[in-house]
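Asker: generate coordinates for the sequence data below:
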Amino acid sequence: MKIATWNVNSLTARLQHVLDWLAANPIDVLCLQELKMSDEKFPLDVFKAAGYDAAVFGQKTYNGVAILSRLPMRDVAKNIGGFVDEHSRVISATLDTPIGDVRVVNGYFVNGQAPGSDKFAYKMRWLDGLREWLRAEMAAHPKLVLLGDFNIVLEDRDSFDPIGLAETIHHTTEERDHFKALLALGLTDSFRLFEQPEKSYSWWDYRMLGYQKNRGLRIDHILVSGPLVPLAKSCTVDRVPRKWEKPSDHAPVTLALGG
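Answerer: Numbering: from 1, shown residues only. Predicted structure coming up:
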């Protein structure tokens with residue numbers, strides 16, 4: 001089973017990129033963030049023709065998440081239970097897989113803008129709500145994957161400039177403490193289960209030749225619960241789509257799980 005996460009930064013602009021990537025990488029599940037489209041605009045028929053059913057939680061202009069799956073999906077839920085939020089940021093589903101039922105939680109985490117801002121305070125509240133809700137989700141679903149655009153750099157090696165960017169957005173102690181609290185629930189960063197190239201990132205700024213100079217951040221993550229750790233076979237960032245014309249600023253991250 002292969003599952004991937006990709007912030008496409010507008011599905012309208014990047015639909016053909018997604019279809020091309022799926023054709024070249026026929027994975028089982030693809031979780032998308034930043035659809036920037038309402039539910040009725042989502043191209044269900046197009047993905048159906050490509051072999052994928054979709055669970056969608058869209059929002060006009062901003063946010064929006066979706067799960068594309070070749071595997072049967074059920075018990076779809078939207079946003080964080082118990083946390084009132086006007087934004088479409090989380091969609092969850094239980095998948096019937098060769099390794100048993102797997103609960104997939106796809107999140108577009110709050111950006112936060114800047115420490116001390118109202119949006120940063122919202123990010124802290126959102127992360128609190130996510131953690132408490134996930135605690136119950138993990139109790140109900142032993143095999144769980146939390147993945148998406150976290151908008152958090154966990155370690156210094158996940159940033160091209162950890163010293164210069166220290167305590168700026170995505171790099172703050174508060175954000176990292178929240179990330180560590182998610183791990184403390186019993187989740188594992190699947191990317192770090194494997195030896196990885198130095199300076200491995202999943203996002204590069206469009207400005208100042210960010211990609212060309214590899215001035216990136218690793219902010220797209222796939223976390224797995226304890227029962228899935230021994231089943232993890234690989235976790236990789238595919239930089240190829242970032243080289244395409246008019247790309248997303250994020251690259252897909254893929255986890256392979258086996259029995």
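Asker: okay, stretch 6-26 in CSV with CA atoms only?
Answerer: The C-alpha trace of stretch 6-26 is given here as CSV (Å, rounded to 0.1, in the frame of the first residue of the first chain):
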residue,chain,number,x,y,z
TRP,A,6,0.6,16.8,-1.7
ASN,A,7,-0.3,20.4,-1.2
VAL,A,8,-1.2,21.3,-4.8
ASN,A,9,-1.7,25.1,-4.1
SER,A,10,-4.9,25.2,-6.3
LEU,A,11,-6.3,22.1,-7.9
THR,A,12,-7.7,24.2,-10.7
ALA,A,13,-4.2,25.3,-11.6
ARG,A,14,-2.6,21.9,-11.0
LEU,A,15,-5.2,19.3,-12.0
GLN,A,16,-3.2,18.0,-15.0
HIS,A,17,-0.1,17.8,-12.8
VAL,A,18,-2.0,15.6,-10.3
LEU,A,19,-3.3,13.4,-13.1
ASP,A,20,0.2,13.1,-14.7
TRP,A,21,1.8,12.3,-11.4
LEU,A,22,-0.8,9.6,-10.6
ALA,A,23,-0.3,8.1,-14.1
ALA,A,24,3.4,7.8,-13.4
ASN,A,25,3.0,6.8,-9.8
PRO,A,26,-0.2,4.6,-9.5
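Asker: may I see the buried residues of that stretch?
Answerer: Buried residues in stretch 6-26, defined by neighbour count with 16 or more other Cβ atoms under 10 Å: 6-11, 14, 17-19, 21-22. (Glycine included, C-beta is placed from N, CA and C.)
Asker: in helices, which of those appear?
Answerer: Within the buried residues of stretch 6-26, residues falling in helices by DSSP state H are 11, 14, 17-19, 21-22.
Asker: who's residue 224 bridged to?
Answerer: residue 145, residue 188 (DSSP bridges).
Asker: would you agree it is in contact with residue 186?
Answerer: No. Using Cβ atoms under 8 Å, residue 224 makes no contact with residue 186, being 9.7 Å away.
Asker: tell me which of these two has more neighbours.
Answerer: Counted by other Cβ atoms under 10 Å, residue 224 and residue 186 do not tie: residue 224 has more neighbours, with 26 against 18.
Asker: how close does the more buried one sit to residue 247?
Answerer: Noted for residue 224: a distance of 27 Å to residue 247, by Cβ to Cβ, to the nearest Å.
Asker: residue 43 too?
Answerer: In terms of Cβ to Cβ, residue 43 sits 19 Å off from residue 247.
Asker: what do you get for residue 22?
Answerer: With the distance defined as Cβ to Cβ, residue 22 ends up 16 Å from residue 247.
Asker: show me the contacts for residue 252.
Answerer: 4-6, 21, 25, 30, 237-238, 241 (Cβ atoms under 8 Å, 6 or more residues apart in numbering).
Asker: now do residue 228
Answerer: By Cβ under 8 Å, 6+ apart, residue 228 lies in contact with 99, 102, 143-145, 257.
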